[in-house]
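> The sequence and its predicted three-dimensional model are supplied below.
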Amino acid sequence: MKINLAKSAGFCFGVKKAITTALETAKSEKSVFMLGDIVHNEEVVRQIRETGIKKIRRLSSGECKTLLIRAHGCSRHTLEQALKLGYRIIDATCPMVKEIHKIARKLENQDYRIIIIGDKRHDEVMGIVGQLKSKAMVIDKLQNMPLGKIKKIAKAGIVVQSTQNLDNVLAILELLRKYIPKIAFHNTICNPTRIKQNEAKAMPLENSVMIIIGSKTSANTKRIYEISKSLNPNSYWVNSAKEIKKSWLDNAKSVGITAGASTPESSIKDVIAKIKTICPA
Ligand code: SF4
């Protein structure tokens, strides 16, 4: 049986950068804190915890402490509060996320009502919302569009959570265009996500089975899985090699493997090794 690994499987450059920054900071600083997990992956979180970086829920006195801003970014309020409390700031926000912040602020300054296409509760989206003076509207899917409010908007500036599914975004955009006379749309889905999603559209058609590796808390892994599953029912989402079942691979001619942006290489290697054990060449 053939194993085909997606070229884009695993860490994107933003996650790599955030992890490198965290590891360097843990070496050079004594008391390092983070508001939440560095990325959505249990194995990476464990490694970061072992370096001594502590996860906190809220800020306290920041004297002699360093606050590491995660790849997803944070709100302006959090940053201002941290500085006021005396924290030293190390910013590991992905540059693509910072670009979304910049675009959203610029549109707001041009009097556009900001609409973010993304998941309301995702850290990245909360960070974008927190860049703005006015209240942004967040839309995650067609079924949840507040049409009454949308019809009252004359001018909308639209940005997108970096890991959104392009097809979902375009469907929402089409409906928004029907109701809002003036729209400035910025497709801020990041390049690594686009590449991953394109592969996730091609590989399920070329392989008998698809294995998607990533944490169940990872939004981008979830979207890759959803795309894959819609094209090939033999698509399986696992967090580790242990979850792979022999029956999935019965009679499979080839298995395609891909992994979310926060999935470490070790998890990918383990999955490949497990498949080779189940189906020796
Ligand atoms: S998925 Fe995109 S936006 Fe998110 S960290 Fe990776 S490169 Fe940055």
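Great, that's in hand. Just so it is clear, the structure is predicted and the values come from calculations on it, not from any experiment.
> Residue of the stretch 1-150 of the chain closest to the ligand, please.
Nearest to the ligand, among the residues of the stretch 1-150 of the chain, is Gly14, at 2.5 Å (Cβ to the nearest ligand atom). Glycine gets a C-beta too; all of them are placed from N, C-alpha and C.
> Check which helix or strand that residue maps to.
Gly14 belongs to helix 13-28 when assigned by DSSP states H and E.
> any residues touching that helix, and which ones?
The contact list for helix 13-28 (Cβ atoms under 8 Å, 6 or more residues apart in numbering) reads 11, 32, 34, 38-39, 44, 48, 51-53, 66, 68, 70-71, 90, 92-97, 190, 192, 261-262.
> Leu67 should be in a helix, yeah?
No: read with DSSP: H, G, I helix; E, B strand; the rest coil, Leu67 is strand and lies in no helix.
> just the strands in the protein please.
In the chain, the segments counted as strands under DSSP state E are 2-5, 32-35, 54-56, 66-69, 88-91, 113-117, 137-139, 155-160, 182-185, 209-213, 235-238, 254-259.
> Is there a quick PyMOL command that grabs whichever of the contacts of helix 13-28 are buried?
Filtering the contacts of helix 13-28 down to the buried ones (16 or more other Cβ atoms under 10 Å) takes a single PyMOL command:
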select buried, resi 11+32+34+38+39+44+48+53+66+68+70+71+90+92+93+94+96+97+190+192+261+262
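> among the contacts of helix 13-28, which are in reach of the ligand?
Filtering the contacts of helix 13-28 for proximity to the ligand by Cβ under 6 Å from any ligand atom leaves Ala71, Cys94, Met96, Val97, Cys190, Pro192, Ala261.
> Now render those residues as CSV, adding pLDDT and distance to Lys274.
Below are those laid out as CSV (pLDDT from 0 to 100; distance: Cβ to Cβ, whole Å):
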residue, pLDDT, distance to Lys274
Ala71, 92, 28
Cys94, 96, 31
Met96, 97, 33
Val97, 97, 34
Cys190, 96, 30
Pro192, 95, 26
Ala261, 95, 22
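> Can you flag which of those residues belong to helices?
Under the assignment DSSP state H, these contribute Met96, Val97, Pro192 to helices.
> What parts of the stretch 101-250 of the chain come near the ligand?
Checking the stretch 101-250 of the chain against the ligand by Cβ under 6 Å from any ligand atom, the hits are Ser162, Thr163, Cys190, Pro192, Thr193, Asn220.
> which ones are touching the fifth one?
Thr193 makes contact with Cys12, Ser162, Thr163, Gln164, Asn220, Ala261, according to Cβ under 8 Å, 6+ apart.
> swap in the fourth one?
Shown here is Pro192, whose contacts under the criterion Cβ under 8 Å, 6+ apart are Ser8, Cys12, Phe13, Gly14, Ala261.
> let's go with 7 Å and repeat that
Taking Cβ atoms under 7 Å, 6 or more residues apart in numbering, we find Pro192 in contact with Ser8, Cys12, Phe13, Ala261.
> Glu174: how many residues sit nearby?
Number of residues near Glu174 (other Cβ atoms under 10 Å) recorded here: 10.
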